[in-house]
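>>> Dropping the sequence and predicted coords here.
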Amino acid sequence: MAQPINAQYELIESLPVPSAGFARSVLKARQTTVDARVPPRVVLLRSVPPEIDQPAFRNAVGLSASLPLHPHILPVFSLMTYEGSSSIPAGVYVVSDFARGITLRERIRRVAPFSLGVTLDISVAVAQAVLTAHQTGVRHGNLSPDMVLLTPEGQVKVSDFAVDRAAHDLVSQTDVLYDDDVRSIGLLVYEMLTGAATSPSALHGELSLQTKNPDTPAAIEGIVRKATSDNFETTYATISKLLSDLQAARDDLRAGRPLQWTPLSVAPHVQRTSELAQAARDITAEQKHSPQGASVGTVDEEGNDDREYGRLDSEPERPNILGRVILGLSIVLVAGFVVASVYVASLFNTPADVLVPNLIGKQLADAQAISEVSKFTIVVAGHNFSDTWPIGEIYQMTPAPGRSIKSGKDVDVYVSDGPMLATVPDVRQMTQKKALSVLQQAGFTIGTVATTFSDSDDKGIVIDQQPEAAARVPHQSAVNLTVSKGPSPPNAPTGVTTSITIPGEIDISWDDVDNASEYNVYRDGVKIASGVPQASYSDENVTSGNTYAYSVSAVNGNGESPQSQSSSITDTVPGTNTPAPPPDVTPPPPSSPTPDSGQSPRRRQFDIRFKVPSSGKRHNVQVEVEDATGTNIVYDEDRDPGDTLDENISAFGNKVVFLIFIDGKLAKQETK
């Protein structure tokens, strides 16, 4: 089984470490993560020594990763941190595309000097890659044959734009590389045609191919000398000008035209036009002054005639009247076109020029706001993952910053999708709405949302997530959430008992349920009371002599429990039964006098027990007594939720009514 490397790659093989470059370990790996925007690919992982894993190097990797796709640029994707294994060292790795082939350095060592056609083909491809990078604002800085890969299919790939230069600067203390990409391309041409290695830092002054090979065409000699010149006024000002001359030389070679023009003084096409015009004038002059029958040729400095002889007496000179007529008509037409163009242009207002600002590193929304002010149009030309550029930031643009364009023109931008692998944030104990916002900002989406009861978490709070917090998963992955529905519905109450204190009133009590906020009371299956705050209730709407079955349910914010088992009782018919005293009231002494004896109302002692509701904050509890002396408040205090009130209270007379109020509302009434 292939060895995994983090969550997104698996090892194919370890490769030899090249002599040039920064890597200490090189791995060939296969991408295992699946994303519609990233096709399966084989990548190259190159380890980064700790001494160069610095902000400057990471910034260089980001610049290289920001380059657009180009047939002659070997893409760099990102940086990856690996914890290490028994066979793969831990550290930071540069992730780039994998391509088979050999370096141009090795090809030069084997077969140089190259043919002129092969040299120009490779040089043009390299210059095209460098020009694309320059237009994006990225220089290579250390372009050499080691940075050019030649594939078996004949492709040319330039690698490590900005990266290799940054690595060299961080480890080198003495040798400062010459970072002129124009000069580096000139040196590549020189090495391919001579096989002689060159050092940019040791080179002073321009190179000449004709010192190595006198038969070198003037155009190639001029290109190399101009590209390697130290003189700012004579060297190529831009890569595009060098590329233009290389392409012109390649086109002339393919068409069989002579390469006798030179870029050292004038542009190639002007030089070639001048040469052809001069040649035509020379031929005409010789025809006019040579005797009939003489051949047209050249004479060298020593007087040796190298003309090729051919008879011309059968073709007498004739004036070219038709050519002159055509030339005259052409001049008239061109002049008319110029006048018409000037006139038409004057009829229209030319759009104003706009200087393109630097949008790289800005969020897309900010760039669009800038474009509205600067009068150009933002066009999102592409997206890509990046470990360097945060999600939503622009990492590439065309035209490059600082270019001048017409008002209203398009500016293409490329926007980062953030890292391919992102760290899942911890959204537990957040509300579902907050969790959604945090996940979206981190580049994830909400997957499934399951709900479950939780006695420890409020309703709407996230209590679990998958993938777990801190996991590294592909960008835009879905995160599944489990959200609390609050406390589970309470269990059915137990311990329901019924008793009779006085005829016409039935007392019901039960065991308190921990997560209940209130209770409902049922008589013969019909609800007769709801919102009862404590575990007791007195039913006064009964008829003596009837039998009733009572049950109770517990209630909280998530619903109502099933009804408890019922407790049946028959109400007392007056004068036939002596009701048993309630368990929480001490009966009066049997020897107490009755009111009919003419004596003062007897004093009686009662034990009052009452459980304070377990929900909410502290509750105000009042006990009011109605007896022979009138109505009196005998208890008034604040108690904590769930407290049990246990008080001994005195009252006078045979009939005493106790009323218990919770926060000013009648909670219980008993007659003793």
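On my side now, so go ahead.

>>> can we go C-alpha only for contacts and neighbour counts from here?
OK.

>>> Can you report how many residues lie near residue 255?
By the other C-alpha atoms under 10 Å criterion, the neighbourhood of residue 255 contains 9 residues.

>>> Next up, phi/psi of it, please.
Dihedral angles of residue 255 (phi, psi; degrees, to the nearest 10) stand at phi -90, psi 0.

>>> and residue 528, what does it touch?
With contact set as C-alpha atoms under 8 Å, 6 or more residues apart in numbering, residue 528 has these partners: 520, 521, 522.

>>> okay if I get those as TSV plus neighbour count?
Output for the contacts of residue 528, formatted as TSV (neighbours: other C-alpha atoms under 10 Å):
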residue	neighbour count
520	21
521	24
522	18
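
>>> Dump the residues you listed into JSON lines; add pLDDT, secondary structure and distance to residue 129 as well.
Compiled in JSON lines, these are given as follows (pLDDT from 0 to 100; DSSP: H, G, I helix; E, B strand; the rest coil; distance: C-alpha to C-alpha, whole Å):
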{"residue": "520", "pLDDT": "96", "secondary structure": "strand", "distance to residue 129": "81"}
{"residue": "521", "pLDDT": "96", "secondary structure": "strand", "distance to residue 129": "85"}
{"residue": "522", "pLDDT": "96", "secondary structure": "strand", "distance to residue 129": "86"}
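
>>> nearest to residue 68, of the residues you listed?
In terms of C-alpha to C-alpha, no member of the contacts of residue 528 lies closer to residue 68 than residue 520, at 71.4 Å.

>>> so how far is residue 476 from the closest one?
Summarising the geometry, the distance separating residue 520 from residue 476, computed by C-alpha to C-alpha, to the nearest Å, is 49 Å.

>>> With residue 362 instead?
Counting by C-alpha to C-alpha, the gap between residue 362 and residue 476 amounts to 21 Å.

>>> So for those two, which sits in the more crowded spot?
Counted by other C-alpha under 10 Å, residue 362 and residue 476 do not tie: residue 476 has more neighbours, with 20 against 17.

>>> Could you find the closest non-adjacent residue to the more buried one?
Spatially, and ignoring its direct neighbours in sequence, residue 476 is nearest to residue 444 (4.3 Å; C-alpha to C-alpha, 6 or more residues apart in numbering).

>>> Next, count neighbours for the one you found.
Residues near residue 444, counting by other C-alpha under 10 Å, number 22.

>>> Identify the residues contacting it.
So residue 444 contacts 424, 475, 476, 477, 478, 479 (C-alpha under 8 Å, 6+ apart).

>>> Ok, residue 59 next?
Contacts of residue 59 by C-alpha under 8 Å, 6+ apart are residue 388.

>>> Is it correct that it falls within a helix?
Yes: under DSSP: H, G, I helix; E, B strand; the rest coil, residue 59 falls within a helix.

>>> Kindly provide the distance from it to residue 441.
Between residue 59 and residue 441 the distance is 23 Å, computed by C-alpha to C-alpha.

>>> What ranges does the chain have for its helices?
Listed in chain order, the helices of the chain (DSSP state H) span 55-65, 104-111, 116-135, 163-171, 181-194, 218-227, 239-255, 268-289, 321-346, 364-374, 432-441.

>>> Confidence-wise, which of those helices is weakest overall?
Of all the helices of the chain, the minimum mean pLDDT falls on helix 268-289 (a mean of 44).

>>> can you map out the strands along the stretch 351-500 of the chain?
In chain order, the stretch 351-500 of the chain shows strands spanning 353-355, 377-384, 394-398, 404-406, 410-416, 421-423, 445-452, 462-466, 472-474, 478-484, 497-500, with DSSP state E, counting those that start in this stretch as the criterion.

>>> what's the most buried one of these?
With neighbours defined as mean count of other C-alpha atoms under 10 Å, the strands of the stretch 351-500 of the chain peak in mean count at strand 394-398, which reaches a mean of 25.

>>> partners of that strand in the sheet?
Listed by DSSP bridges, the sheet partners of strand 394-398 and their directions read strand 410-416 (antiparallel).

>>> CA atoms of stretch 547-563 as PDB?
Taking Å, rounded to 0.1, in the frame of the first residue of the first chain, the C-alpha atoms of stretch 547-563 are listed here in PDB:
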ATOM      1  CA  THR A 547     -64.700   7.800  43.100                       C
ATOM      2  CA  TYR A 548     -62.000   9.600  41.100                       C
ATOM      3  CA  ALA A 549     -58.800   8.500  39.400                       C
ATOM      4  CA  TYR A 550     -56.000  11.000  39.300                       C
ATOM      5  CA  SER A 551     -52.800  11.100  37.200                       C
ATOM      6  CA  VAL A 552     -50.100  13.700  36.700                       C
ATOM      7  CA  SER A 553     -47.700  14.700  33.900                       C
ATOM      8  CA  ALA A 554     -44.500  16.700  34.000                       C
ATOM      9  CA  VAL A 555     -43.800  19.600  31.600                       C
ATOM     10  CA  ASN A 556     -40.700  21.600  30.500                       C
ATOM     11  CA  GLY A 557     -39.700  23.700  27.400                       C
ATOM     12  CA  ASN A 558     -39.500  20.600  25.200                       C
ATOM     13  CA  GLY A 559     -42.800  19.000  25.900                       C
ATOM     14  CA  GLU A 560     -45.000  17.000  28.300                       C
ATOM     15  CA  SER A 561     -44.200  13.600  29.700                       C
ATOM     16  CA  PRO A 562     -46.700  10.700  29.600                       C
ATOM     17  CA  GLN A 563     -49.200  10.600  32.400                       C
END
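
>>> hmm, who's touching it?
Applying C-alpha under 8 Å, 6+ apart, the contact partners of stretch 547-563 are 485-493, 496, 498, 508, 513, 515-525, 564-571.

>>> same question, stretch 18-36
Under the criterion C-alpha under 8 Å, 6+ apart, residues 7-17, 40-49, 98, 146, 164, 167-168, 474 lie in contact with stretch 18-36.

>>> ok, of these, which come out buried?
For the contacts of stretch 18-36, a burial check counting by 16 or more other C-alpha atoms under 10 Å picks out 8-11, 42-49, 98, 146, 164, 167-168, 474.

>>> which non-adjacent residue is nearest residue 100?
Once chain neighbours are set aside, the closest to residue 100 by C-alpha to C-alpha, 6+ apart is residue 151, at 5.7 Å.

>>> ok, the one you found touching residue 101?
Yes: in terms of C-alpha atoms under 8 Å, residue 151 counts as a neighbour of residue 101; the distance is 4.1 Å.

>>> Next, work out how far apart the nearest residue to residue 6 once chain neighbours are set aside and residue 46 are.
Spatially, and ignoring its direct neighbours in sequence, residue 6 is nearest to residue 82 (6.5 Å; C-alpha to C-alpha, 6+ apart). Using C-alpha to C-alpha, one obtains 12 Å as the distance from residue 82 to residue 46.
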